[in-house]
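Provided below for reference: sequence and predicted model.
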Amino acid sequence: MLNQDNLFLAITFRVFLTTAVVQLFYYLWFYLAVPLFKPPARTATLLPVSVIICARNEAENLDAFLPLILEQKYPEYEVIVVNDCSEDSSYDILGKYLLKYPHLKVSTINKDPKFTHSKKFAQFIGIKAAKYEIMLFTDADCRPESDQWMKSMASDFDDKTTFVLGYGGYFSKKGLLNKFIRYDSMTIAMQYFGMAIRGIPYMGVGRNLAYRRSLFFANKGYGSHNQLVSGDDDLIVNTNATPENTRVELSIAAHTRSVPSAGLEEFIKQKKRHYTTAPYYKFRDKVLLIIEPLTRVLFYSSFILLLASTFLWPYVLAVFGVRIAVQLIVFFLTCKKLNEPGIIMVSLFFDIFSPLIHIVIYTSKTLDRTGRNRWK
């Protein structure tokens, strides 16, 4: 008979093996699908596009990045900037570009102390002003990676396509926080791209997302999520995307890069805002998203316990080695696909601690009820 200690270690070993299998399933089925993805044939007809950008106090970013959007190589498009209660020099910057680019339109929302609103209201104003069926969304602090960004995203639309999910990464800068921000955005992209490729589209990011205007109004705006501060990107996809109407666009020419959070406090605030939408995902999606980090924590915890007790240690090391090798290979291929250099080795460190970091941030979010109408 097994004594109590050996029984505990035997159960721990089974947990270790089970979580290793689950982890390998996620990496080989969902995440590996991203670097191995081969896009279907593109449409020959390029439909007119309305680009929508909401901006609040983004004068510096508008001056730096808006010309790159206004000078895209595309036959017919408009760019709508919603200048939402800005108190900086955004009005002057936009006025300068209005004189130079006839396809630029500006909608201004004036500040009213009696009326506070989230970004969704500004987004709604931009969508109302759009005259084309295909809408392409990005942020004022985003830079398209090429003058083919619009063409790469729009050419994925055919008669069956409602959503096109693009990649929105962050600029590479010095420091561990920047590496974690880039790692975090890339792993989230691995999830939503991989699941979409496997027929389970559940979210997109507003930094690089396209969908049909008719869908927005047929859905009565953001539908049952109108009251939420966030969800202008992920929840509209989660509610309406299907395997048949959703495409992913992974070409480097279609990427955007955003200005990352300048400090830890800003990053935490941003993550808290994103977490407000998580409870509204479909039950299936919530289960799939919870299983991976949960089994990751159990995998590392059981590994440490088994190794410390030297219980079946050759087998433990072998299984652990396979899991780490698969992770590194998938990360290496994905970093190449999404043009994210310099984060492969630190990903091993972040892989261990990121679930704990997210748990702490999510828990603090549930305790923090302030900032309900925070714009961004």
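Yep, it's here.

Show me the domain layout of the chain.
Residue ranges of the domains in the chain are recorded as 4-34+284-367, 49-264, according to automatic domain parsing.

Helices along the stretch 1-150 of the chain, start to end?
Under the criterion DSSP state H, counting those that start in this stretch, the stretch 1-150 of the chain carries helices at the ranges 4-25, 59-70, 90-100, 119-129, 149-154.

tilt between the second one and helix 90-100?
Pointing back at helix 59-70 there. Note on geometry: by axes from the mean of the first three to the mean of the last three C-alpha atoms, to 10 degrees, helix 59-70 and helix 90-100 are set 20 degrees apart in direction.

export helix 59-70 as PDB, just CAs?
Written as PDB, here are the backbone C-alpha positions of helix 59-70 (Å, rounded to 0.1, in the frame of the first residue of the first chain):
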ATOM      1  CA  ALA A  59      -2.500  65.800 -30.600                       C
ATOM      2  CA  GLU A  60       1.100  64.400 -30.600                       C
ATOM      3  CA  ASN A  61       0.000  61.000 -31.800                       C
ATOM      4  CA  LEU A  62      -2.300  62.400 -34.400                       C
ATOM      5  CA  ASP A  63       0.500  64.600 -35.800                       C
ATOM      6  CA  ALA A  64       2.800  61.600 -35.900                       C
ATOM      7  CA  PHE A  65       0.600  58.800 -37.200                       C
ATOM      8  CA  LEU A  66      -2.500  60.300 -39.000                       C
ATOM      9  CA  PRO A  67      -0.500  61.100 -42.200                       C
ATOM     10  CA  LEU A  68       0.500  57.400 -42.500                       C
ATOM     11  CA  ILE A  69      -3.200  56.500 -42.500                       C
ATOM     12  CA  LEU A  70      -4.200  59.300 -44.900                       C
END
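
Just give the closest residue to the residue most central in space within the chain, not the sequence neighbours.
The chain has Val205 as the residue nearest its centroid, 4.2 Å off, counting by C-alpha atoms, centre = their mean. Nearest in space to Val205, with sequence neighbours left out and distances taken as C-beta to C-beta, 6 or more residues apart in numbering, is Gly168 at 4.7 Å. Every residue, glycine included, has its C-beta placed from N, CA and C.

Tell me if I'm right that that neighbour and Ala254 touch.
No - if you go by C-beta atoms under 8 Å, Gly168 and Ala254 don't touch, sitting 10.2 Å apart.

list the residues that contact both of those two?
Residues touching both Gly168 and Ala254 (C-beta atoms under 8 Å, 6 or more residues apart in numbering) are Asn208.

follow-up on the earlier one: and the residue nearest to the centre of the chain, how far from Asp141?
Taking C-beta to C-beta, to the nearest Å as the measure, Val205 and Asp141 are separated by 13 Å.
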